[in-house]
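Visitor: generate coordinates for the sequence data below:
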Amino acid sequence: MMKKIFHINKEINTIFYFILSFLYLEILLRLIVFHNIQLSFLYIILFDISLAFFLELMTHLFKVKINRVLFHIILFLICFYFCAQILYFDFFKVFLTIYSIGNGGQVAEFYKDILQLIIHNLIWIFLCFVPFGFSLYITKRLDMSRFKEKRIIISFLVSFFTFSISYAMLYIPTQAINTPLDIYKDREMNELTVNQFGMLTAARLDLQSFIFGKEKTIIVDEPIVEEEPEKIVYEPQIMSIDFQQLIKNTNDKDLQAMDQYFENIKPTYKNQYTGMFKDYNVIQLTCEGFSPYAIHKEVTPTLYKLAHEGFIFQNFYTPLWGVSTSDGEYVALQGLIPKSGVWSFETSSNNDLPFTLGRQFQKLGYTTKAYHNHSYTYYGRDKSHPNLGYDYKGVGNGLNITKQWPESDLEMMQQTVDEYIHDEHFHTYYMTVSGHTNYTFNGNRVASNNRSLVENLDYSDLAKGYLATQIELDRAMEYLLQRLEEEGVADKTLIIMSADHYPYGLPKQNYDELAGHKIDENFEIYENSLIIWSASMKAPVVVQKIGSSLDILPTVSNLLGLEYDSRLLMGSDLLSDSEPLVIFSNRSFITDKVMYNSKTKETIWLNGATEDLDYLKKMNRIVRQKFDYSAQILDKNYYHHVIS
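Guide: Sure, this is the predicted structure:
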């Protein structure tokens, strides 16, 4: 019966099969990931046609049998690539880069989650391989003959001509905030690039960036120069840096451009909170999968106490970056935007990092330690964290945690507090893991162990499972506060807590359930909590200014009275009068005047602000510069150049 339905008499030209297969896969991915097909699909069609003619040429250069094998191998790899990207995005909420593929061995530790992911997405996996499967069925009908010289030239010219038209279209003038040309030149594997040009072109750009490096797009001719405030009450938060002398002392054009840029950046100013916690001990935590909905008065009372008795940041965001947890740590600890296509934290392990809390307190003679209750080498932390200024321990190099998945935050705290709490001055950093996905009671030992504490809550099992993992963090903090009180240093210790990212491993409907309403996926889903607390605080301080994890380092540095230069960080002190700016990985942004969504091009004006295209373009330009200069700080080891 099937043979009658799909019976094909005539030979099929492989160019049409390639084109139809590519467009089918692109549409499938867009429907699954973006849930729409936009006008930019024209770029996808043209670039994919160009690739199709090129691949047709490659599969017609040899004998028929060899051509047929090459055709099926190429088609299988493309189908597999789309499948892998869909699964990876479903799990991590970002696309997979070539750099991450090269470091993908660590993902094998999550084989149970991966298996569950595959089972959950079987229908999409099947649909991804439809072009390959159908090609096997009609393999004898495919024209796989060897091309003659004339046909080779024609295929090459058509491929080149179609690509040229696609590329030329990038230069068509547009009023768009992020133009197609800007996105194309970024060569990044992210939502914006895939959405604009399709997965195949994004993969090519990612490969180009991996091999040849990212094209430099630094804007040096028109630096953003802000007007100085009319009345300066406080001193600027800067160091004594002679940028003009630095420019004269180097022939490196990139460094000169950076010097010029940072010299013209408006600094933030010291304020009434500067040095509020000077000489305090400091304990900072990046908490795996933390969210506002982990804070529950009855279920997680210690987290509730910390969140409501210290600084209360009412409009705080934790954007999701390309390398998940590692990038989340990088942003919070270094105040820089991660570079796309690499593991920025590991890459920074050979750079000078004078502004990290570890280096700052190490210089002041503090005991500086860092801990992680999972594999100490995961994400290259064995390289990055010692370079932050810490004596670093994880599982495998000194921290002996009970083997389970995920490991216990409470047990990590119990094993480590005595290593520093008796010292005169200490700064400790923790990267927790108990809050890691998945949140099923049979696949998460922490959730299982705490199940009885959430059993009576009126939530689904997955929502309960998530809260159960956060109970472990709550118990760890309860133990820590108890030990600080017993040692008599609670009122001289500052606690800082933030998330690496929202719990993207929790299905959206269950996250909505915890929130009590349907969460907006463009901005609201990234809203989170920043906890800054000390027992010495007499009353909470409410901060309405919008901010993000990029602002943690400058905000805390100001509170601690540390010396730093606010121009050299990409975030800003949330307690200063600086203009607020929250930046997302796809270059969407929020200020006190506007919310700009780069994916939908939607602009929402806030607080009574009227539509102002010039302001929008200016802020987009500032965002682009922060991405570009963050990457250059990493690539050029800029802090060594400017503070050495």
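
Visitor: show me what the helix or strand hosting residue 416 is packed against.
Guide: Assigned by DSSP states H and E, residue 416 belongs to helix 409-416. Applying 3 or more C-beta pairs under 8 Å, 6 or more residues apart in numbering; DSSP states H and E, we find helix 409-416 packed against strand 367-375, strand 426-431, helix 461-487. Where C-beta positions appear, they are placed from N, C-alpha and C, glycine not excepted.

Visitor: out of these, flag the one nearest residue 180.
Guide: strand 426-431 (38.3 Å; C-beta to C-beta).

Visitor: put the alpha carbons of stretch 292-303 into CSV.
Guide: This file holds the C-alpha atoms of stretch 292-303, laid out as CSV (Å, rounded to 0.1, in the frame of the first residue of the first chain):
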residue,chain,number,x,y,z
PRO,A,292,11.9,34.2,43.6
TYR,A,293,9.6,31.2,43.9
ALA,A,294,12.1,29.4,46.0
ILE,A,295,11.5,31.9,48.7
HIS,A,296,8.5,30.6,50.8
LYS,A,297,7.8,31.8,54.3
GLU,A,298,6.9,28.3,55.6
VAL,A,299,8.9,26.1,53.3
THR,A,300,12.2,28.1,53.2
PRO,A,301,12.1,30.4,56.2
THR,A,302,15.8,31.2,56.2
LEU,A,303,15.7,32.3,52.6
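
Visitor: buried residues, that stretch. List them.
Guide: Neighbour counts over stretch 292-303 (16 or more other C-beta atoms under 10 Å) mark 293, 294, 295, 296, 299, 300, 302, 303 as buried.

Visitor: return the member of those residues nearest to residue 477.
Guide: The closest of these to residue 477 turns out to be residue 302 (C-beta to C-beta; 4.6 Å).

Visitor: ok, so what distance separates residue 462 from residue 439?
Guide: According to C-beta to C-beta, to the nearest Å, residue 462 stands 5 Å off from residue 439.

Visitor: so for the two, which residues contact both of them?
Guide: Residues touching both residue 462 and residue 439 (C-beta atoms under 8 Å, 6 or more residues apart in numbering): 506, 510.

Visitor: more neighbours, the two?
Guide: residue 439 (26 against 22; other C-beta atoms under 10 Å).

Visitor: can you tell me the helix or strand for that one?
Guide: Per DSSP H and E, there is no helix or strand for residue 439.

Visitor: that one against residue 446, yeah?
Guide: No: with contacts counted by C-beta atoms under 8 Å, residue 439 stays clear of residue 446, the gap being 9.6 Å.

Visitor: name the residues contacting each of the two.
Guide: Listed as contacting both residue 439 and residue 446 by C-beta under 8 Å, 6+ apart are 468, 469.

Visitor: sorry, back to before: want to try TSV for the buried residues of stretch 292-303, with pLDDT and secondary structure as columns?
Guide: Formatted as TSV, the buried residues of stretch 292-303 follow (pLDDT from 0 to 100; DSSP: H, G, I helix; E, B strand; the rest coil):
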residue	pLDDT	secondary structure
293	97	helix
294	97	helix
295	98	coil
296	95	coil
299	97	coil
300	98	coil
302	98	helix
303	98	helix
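
Visitor: check the residues you listed and tell me the two furthest apart.
Guide: Across these, no pair lies farther apart than 293 and 302, at 15.8 Å, counting by C-beta to C-beta.

Visitor: ok, which stretches of the stretch 1-150 of the chain are strands?
Guide: Applying DSSP state E, counting those that start in this stretch to the stretch 1-150 of the chain gives strands spanning 12-13, 142-143.

Visitor: and those, which one is worst for confidence?
Guide: For the strands of the stretch 1-150 of the chain, mean pLDDT drops lowest on strand 12-13, to a mean of 84.

Visitor: partner strands of that strand, parallel or antiparallel?
Guide: Take DSSP bridges as the rule and strand 12-13 pairs in its sheet with strand 142-143 (parallel).

Visitor: what's in contact with the partner strand?
Guide: By C-beta under 8 Å, 6+ apart, strand 142-143 touches 11, 12, 13, 14, 17, 68, 71, 135.

Visitor: now the fourth one: how far from residue 129?
Guide: In other words, residue 14. 18 Å.

Visitor: of these two, which one has the most company?
Guide: Each of residue 14 and residue 129 has its neighbours counted (other C-beta under 10 Å); residue 14 has more, 23 against 16.

Visitor: I figured the more buried one hits residue 72, correct?
Guide: No: the pair residue 14 / residue 72 is not scored as a contact, 10.8 Å apart, by C-beta under 8 Å.

Visitor: so who does the nearest residue in space to residue 292 that is not next to it in sequence touch?
Guide: Take residue 292 and drop its neighbours on the chain: the residue closest to it by C-beta to C-beta, 6 or more residues apart in numbering is residue 529, 5.0 Å away. Going by C-beta under 8 Å, 6+ apart, residue 529 touches 290, 291, 292, 295, 307, 313, 316, 497, 498, 499.

Visitor: ditto for residue 234
Guide: Contact analysis of residue 234 by C-beta under 8 Å, 6+ apart lists 269, 270, 271, 274.

Visitor: how's the chain carved up into domains?
Guide: For the chain, automatic domain parsing gives the domain ranges 2-173, 276-568.

Visitor: now the ones you listed in CSV, with distance to residue 193?
Guide: Formatted as CSV, the domains of the chain follow (distance: least, C-beta to C-beta, whole Å):
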stretch, distance to residue 193
domain 2-173, 9
domain 276-568, 9
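
Visitor: among the ones you listed, which is the most enclosed?
Guide: Mean neighbours per residue, mean count of other C-beta atoms under 10 Å, is largest over the domains of the chain for domain 276-568, with a mean of 20.

Visitor: just the terminal-to-terminal distance for that one.
Guide: 22 Å (C-alpha to C-alpha, to the nearest Å).

Visitor: ok, now stretch 352-359?
Guide: Distance across stretch 352-359, first residue to last, is 9 Å (C-alpha to C-alpha).

Visitor: for this protein, which spans come out with low pLDDT?
Guide: Counting by pLDDT under 70, the chain has low-confidence residues at 1-11, 39-40, 102, 104-111, 214-233.

Visitor: try 50 this time
Guide: Low-confidence segments of the chain, defined by pLDDT under 50, span residues 1-9, 218-222, 229, 232.

Visitor: got the contact list for the residue nearest the centre of it?
Guide: Centroid-nearest residue in the chain, with C-alpha atoms, centre = their mean: residue 321, separated by 0.6 Å. Residue 321 makes contact with 94, 327, 328, 330, 331, 337, 338, 501, 585 under the criterion C-beta under 8 Å, 6+ apart.

Visitor: between the contacts of strand 142-143, which is nearest residue 202?
Guide: Of all the contacts of strand 142-143, residue 202 sits closest to residue 17, with 22.2 Å by C-beta to C-beta.

Visitor: thinking that closest one is in contact with residue 135, fair?
Guide: Yes: the pair residue 17 and residue 135 passes the contact test of C-beta under 8 Å, sitting 6.7 Å apart.

Visitor: picking up where we left off before, between the contacts of residue 234, which sits nearest residue 541?
Guide: residue 271 (12.0 Å).

Visitor: contacts only, for the closest one.
Guide: Residue 271 touches 234, 558, 573, 575, 576, 577, counting by C-beta under 8 Å, 6+ apart.

Visitor: for residue 141, give its distance to residue 60.
Guide: Distance, residue 141 to residue 60, using C-beta to C-beta: 16 Å.
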